[in-house]
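**Q** Need coordinates for the below:
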Amino acid sequence: MPKAIRIHAPGGPEVMRLEDVEVPRPGPGEVLLRHTVIGVNYIDVYHRSGAYPLPAMPVTIGMEGAGVIEAVGETVSDLSPGDRVGYACAPVGAYATHRVAPAAQMVRLPDSISDETAASIMLKGMTAQYLLHDTAPVRSGDHVLVHAAAGGVGLLLCQWAKHLGCTVIGTVGTEDKARLAAEHGCDHPIVSRGDAFVPRVKEITGGRGCRVIYDGVGLDTFAASLGALALCGCLVSYGQASGPIEPVAPATLSAKSASLSRPVLFHYTAGRPDLLRIAGALFDAVSAGVLRVAPPARYPLAEAARAHQDLEGRRTTGSLVLLP
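**A** Okay, here's the model as predicted:
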């Protein structure tokens, strides 16, 4: 019988339970997917904890996975049973052996991309793609700061920005993570907490600061990031692993004519042509060797709580996946 990790109330990792579930037939515009690999992302923590409230309980969380289509609903014309697909999208429901999902958000996987690679990089990799190319496009010669440079998105941002000709600065929490970031294109890894990175950024950039800063940490780094930003620079806040950011007065940005962006991947991939463009660019970068994807940390689906504990405890680098 199909199984899923469900939560009946928001809380810590312990609220996740492996349960038997009924999976309906796909309706119009939907597919029935048998998961082979499931991605674990920090947005799952937000959903589980209630930081990003979900409309109803009980619920199965998770927004990324890969597998094989077992059935398609009416009006689905470009996908067929047997197709290998990956996705990173709403609605939640990935922590399961099977699920029904929107066909418009499924991406057929090329032969060069394994299920495990797709499930471990689609959300993070499409995030890196739109951040670097759409939200705050970088130019060769730019100084770019990547917070949490040894994390799943951070490692991809470092590699891709380096390939585009940027000088990449990254913040990390340990010397081991600094070495990992350096191996993935980070020219200047900085081991720091809080605002301790600002003097080193100023030193590296000759006092100018960085033209673009990609910040997925949130509360702990946001204010200091403004101090590390160059004149007319862009601060991109794409996550809040350390907590939500306090309100920002426009006058705070005017001190440097700075731009502030709070983008969301799912807005950039809402239209199928944009989804296929962004996913295609990611798959091409992986296939061409621009992005090196390390094997993810693997957990059985039944041990999803342990995966969350490790993720929240910052005991991981790169990607995490669940195996049904």
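
**Q** Going by C-alpha atoms from here, please, whenever you check contacts or count neighbours.
**A** Will do.

**Q** Thought residue 174 was touching residue 189, still the case?
**A** No: assessed by C-alpha atoms under 8 Å, residue 189 is found out of contact with residue 174, at 10.0 Å.

**Q** Looking at these two, which one has more neighbours?
**A** residue 189 (28 against 15; other C-alpha atoms under 10 Å).

**Q** Skipping its backbone neighbours, what lies nearest that one in space?
**A** Closest residue to residue 189 apart from its sequence neighbours, by C-alpha to C-alpha, 6 or more residues apart in numbering: residue 170 at 4.7 Å.

**Q** Residue 58 versus that neighbour, what's the distance?
**A** Using C-alpha to C-alpha, to the nearest Å, residue 170 is found at 39 Å from residue 58.

**Q** Then residue 38?
**A** The spacing between residue 38 and residue 58, counted by C-alpha to C-alpha, is 20 Å.

**Q** Phi first, then psi, for the closest residue to residue 58 other than its chain neighbours.
**A** Nearest non-adjacent residue to residue 58, counting by C-alpha to C-alpha, 6+ apart: residue 8, 4.3 Å away. Per-residue torsions, residue 8: phi -100, psi -10 (degrees, to the nearest 10).

**Q** same check, this time on residue 166
**A** Per-residue torsions, residue 166: phi -90, psi 160 (degrees, to the nearest 10).

**Q** and it, what does it touch?
**A** 138, 139, 140, 141, 142, 143, 144 (C-alpha atoms under 8 Å, 6 or more residues apart in numbering).

**Q** same thing but at 6 Å, please
**A** Contact partners of residue 166, counting by C-alpha atoms under 6 Å, 6 or more residues apart in numbering, are 140, 141, 142, 143.

**Q** what's the spacing between the closest residue to the second one other than its chain neighbours and residue 187?
**A** The spatial neighbour of residue 141 that comes closest, neighbours along the chain excluded (C-alpha to C-alpha, 6+ apart), is residue 166 at 5.0 Å. In this structure, residue 166 and residue 187 are separated by 9 Å, where distance is defined by C-alpha to C-alpha.

**Q** go on, residue 295?
**A** From residue 295 to residue 187 the distance is 23 Å (C-alpha to C-alpha).

**Q** do residue 119 as well
**A** 28 Å.

**Q** Show me which of the two is the more surrounded one.
**A** In this view residue 119 and residue 187 are compared by other C-alpha under 10 Å, and residue 119 has more residues nearby, 31 against 16.

**Q** re the thing from before, so residue 38 and residue 58 - more neighbours on which side?
**A** residue 38 (32 against 13).

**Q** In which helix or strand does the nearest residue to that one once chain neighbours are set aside reside?
**A** Among residues not flanking residue 38 along the chain, residue 65 sits closest, at 4.2 Å (C-alpha to C-alpha, 6+ apart). Element membership of residue 65 [criterion: DSSP states H and E] is strand 64-72.

**Q** Would you mind writing the CA trace of that strand as PDB?
**A** Taking Å, rounded to 0.1, in the frame of the first residue of the first chain, the C-alpha atoms of strand 64-72 are listed here in PDB:
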ATOM      1  CA  GLU A  64      10.600  18.100  -4.900                       C
ATOM      2  CA  GLY A  65      11.000  14.600  -6.300                       C
ATOM      3  CA  ALA A  66      11.700  12.400  -9.300                       C
ATOM      4  CA  GLY A  67      10.200   9.200 -10.500                       C
ATOM      5  CA  VAL A  68       8.100   7.400 -13.100                       C
ATOM      6  CA  ILE A  69       4.700   8.400 -14.300                       C
ATOM      7  CA  GLU A  70       2.200   5.500 -13.800                       C
ATOM      8  CA  ALA A  71      -1.000   7.200 -15.200                       C
ATOM      9  CA  VAL A  72      -2.100  10.500 -16.700                       C
END
